[in-house]
Structure formats: C-alpha cells, structure tokens
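**Q** Below: sequence and its predicted model.
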Amino acid sequence: MRVVGIFFITAIVCLSLGYLLAWYRYQYLDKNLLPSPLVSDQQLVEYPYLVYTFNALRERQYQATKINIESTMEIEDGYTSFIFSYAPLGKHMTGQLNIPNTVSANTPVIVMVRGYVPPEIYATGVGTKSGAGAFAKAGFITIAPDFFGVGDSEPEPTDAWQARFEKPIVVIELIKSLETYGVPQTPITAVNQSKLGLWGHSNGGQIALSVLEILQQPIPTSLWAPVTVPFPYSVLFFSDEADDEGKAMRILVNQLERDYDLSQFSLTRYLDGLRGLIVLHHGTADESALIAWSDEFVAKIEKEDDRRAAIKKEYEQSATQSAEAAEPALQPIDITFYKYPGANHNLVPGWDTVVERDIEFYGEKLGLKK
C-alpha cells in the first residue's frame, strides 16, 4: 500500500508539473513573452525592440535585392535623374538615383540619407536633391532612398519605434544591394567598397553614423548638421514642436525606458564601431540641430581615440597576434570639423563652400578621376 501511495503521489506531482509547464508555454513562450525583472511577477511584457539594439544589428544578416529603375525624373545638365526601387526588409521602396552622363565601372557611388521631412509635403528627392545634383554634375552617382510611407514606397510601420529603428537597416540593405547587384544602366555590376561614400543631413546624419557603427567599415562619410546627441534625447528635443508640447512623446519614451536599457539604442555608446574618414559641417546659427551637439560629439570621438591609443600601446608592448588582429579597430577616427559662422540648418550661407569641400573629400577618398 505504501508503494502504491508513493506512486499515486508521484503521478499527481508529474501531472501537475506537466499542466504547469503547458500553461507556462501557452502564456509565455508561444506568445513570445518573457517575465520582466522591471515589473511585478504578475505582469508580462514583450521585448520586440531587442532586435534593434546596436549589438543585435551588428549580428544581423542583411539582404541584398536588385535595384530597378522605375522611371525617368529629369534630364539635367550633366546627369539624368531616375526613380529607382529595391526591396529592403522584403518591402517595396523607391528613391532618387542620379547617373552622370559619363560613367565607368569605377565611378564612385554616394548613398544619401535625408533628414526628417513631414510626409504631407515630401516628394522624392526632397532633402537630398540639391546636394545630389551638385555631386552628380561633379561625376558621382548618387542614390537616396525615400523611406517607407512616402514616395511610391510601401506604408511605414504603424509602430513609431519600429519605424524609427528600421531606418539604418533600410540604408544597410541598399548598400548591400549596390555591392551585390551594382547600379542599373551603368557598367557597374557590383559597387566596390572602396568606391562607396555616405552622406547624411540632420537626422539622416544620425542614421548614417548608426550605419557606420553597425557595419564597422571605413566608408568615407560627410555629415551636414547631424543629430549626434544620445537617444532618447535625440527625439525628446524636437517633441516640443508638437501640439501637445511633447506630452505624447514623453509617455512613449517612459514606456520604452521601463522595459529597455535605452543606451543600447544610442549611437554615442557605440563609437568603437567607427572606422575611416568623416567630414562634419555645422552652422553656428543652426536652431534645429545645435552646433554644441557637434562640439560634444567631436569631444567624444577624441576621447574614443585616446582609449584606442592606450589599448594599442598595451598591445604593441605585448606584440601578440591578437594585437595585429585588433589593429583596424584601434586606428584613430579621422574626422574633420568645419564650422560656418551664421549658417542655418541647411548650411546657408556657406552651402557652396560645403559642397566644394565635399566634392574634394569624396574625390580624394573615392578616387574620382576627372
């Protein structure tokens, strides 16, 4: 009887555990939910944005898709402007592609990333058209994505954070597409990384920097009045322009910070990923992206360079194979910072000088032969 009793009790315990495990799987795992250390034991919370942390984006596998020309926009003096499309994240996206009249298999390509433009006034090319035209006349191919929700692209995600965090992915997959499939209607069947440049204005500068930190590749980059402050201050700063003076945005940020370590989404924490060459332009009268932000950003880069120099010195003293392998990551970040007295967020006055400097910068770094 005692053996039977023990067996009976054991069976009940096993059945109970099985029921609890099944309930747990239904409640937590099958719904992709995890208990959060930030809330009580009675609460559950999703973590859908973990895939957008910088560390996760560095490990992500990016897809290349064929770039197609949809239509001709304009035939300009020295180049032709087209509407192009590709499929980042498996969705249709359009943008503007400028091809100079004379191109070769070695013509450099500049990927251009615009800043924020209200969707109701946006049209393909807004935010990049003038600079892109100047670069194309100088002999560079330029390509600028519209992003989702504008142009003839598919709609933007309704989740505001997802829409924001996806933008570096969109740009990286454009770069991968260029490297894999080249530029249509040109002899370029695959863009060599040594012929690829990056450009970003305002929030587009923030996206461009994020791309550099994720890819950790030496892509020559020009930043115009970039947003370089930590996340989420980078979004809170602009929220006072809303009708509610930022109340809704503060609520969203508070909800996000309750569940995530927001430093994992902040470009200022991942300067270790920067390689290669950067030129930064900023006007002293900029009220949209303060020049003090660029001052602080350059100071942070100098601090990062000091960190690299100290580590490099230690490695050189040890003279190990690991030191040789780490060499590219320990080179100083080559950044040139130009200030333009009285210039606004669009670098006016001073725009012509900025463009001239960029043409010289890209020409030297990307090997444009005139």
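**A** Structure received.
**Q** Tell me the first helix or strand C-terminal of the helix or strand bottoming out on mean pLDDT in the chain.
**A** When the helices and strands of the chain are scored by mean pLDDT, DSSP states H and E, helix 2-24 comes last with a mean of 43. As assigned by DSSP states H and E, the chain's next helix or strand after helix 2-24 is helix 54-59.
**Q** quick one: contacts of that following helix?
**A** Helix 54-59 is contacted from outside by 50-51, 168-169, 210, 213-214, 216, 264-265, 267, 269-270, 273, using CB atoms under 8 Å, 6 or more residues apart in numbering. C-beta here means a position set from N, CA and C on the backbone, and glycine is covered the same way.
**Q** In that helix, which residues are buried?
**A** Across helix 54-59, burial judged by 16 or more other CB atoms under 10 Å covers Phe54, Leu57.
**Q** Tabulate the CA atom coordinates of that helix in CSV.
**A** Extracted in CSV, the C-alpha atoms of helix 54-59 (Å, rounded to 0.1, in the frame of the first residue of the first chain):
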residue,chain,number,x,y,z
PHE,A,54,23.3,48.1,-31.8
ASN,A,55,24.7,44.8,-30.8
ALA,A,56,21.8,42.9,-32.4
LEU,A,57,22.1,44.9,-35.6
ARG,A,58,25.8,44.1,-35.8
GLU,A,59,25.0,40.4,-35.8
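**Q** Now it: average pLDDT?
**A** Mean pLDDT, computed over helix 54-59, is 97.
**Q** And the next helix or strand after it, what does it pack against?
**A** For helix 54-59, the following helix or strand on the C-terminal side (DSSP H and E) is strand 68-76. For strand 68-76, the elements it packs on are strand 79-86, strand 93-100, helix 129-137, judged by 3 or more CB pairs under 8 Å, 6 or more residues apart in numbering; DSSP states H and E.
**Q** Could you list the paired strands of strand 68-76 along with their orientation?
**A** Partners of strand 68-76 in the sheet, by DSSP bridges, are strand 79-86 (antiparallel).
**Q** Quick check: Ile251 vs Ser234, distance?
**A** Distance, Ile251 to Ser234, using CB to CB, to the nearest Å: 17 Å.
**Q** Of the two, give the one with the bigger neighbour count.
**A** A count of neighbours by other CB atoms under 10 Å puts Ser234 above the other of Ile251 and Ser234, at 20 against 11.
**Q** Just give the nearest non-adjacent residue to the more buried one, would you?
**A** Counting by CB to CB, 6 or more residues apart in numbering, Val227 is the residue found nearest to Ser234 once chain neighbours are left out, at 5.3 Å.
**Q** Wasn't the one you found part of a strand?
**A** No. Val227: not assigned to a strand; according to DSSP: H, G, I helix; E, B strand; the rest coil it is coil.
**Q** so who does it touch?
**A** By CB under 8 Å, 6+ apart, the contact list for Val227 reads Gly115, Ser202, Asn203, Gly205, Gln206, Ser234, Ala289, Trp293.
**Q** Give me the lowest-pLDDT entry from these.
**A** Among the contacts of Val227, Ser234 carries the weakest pLDDT, at 87.
**Q** Am I right that that one is in contact with Gln206?
**A** Yes. Contact criterion CB atoms under 8 Å: Ser234 and Gln206 qualify, at 6.4 Å.
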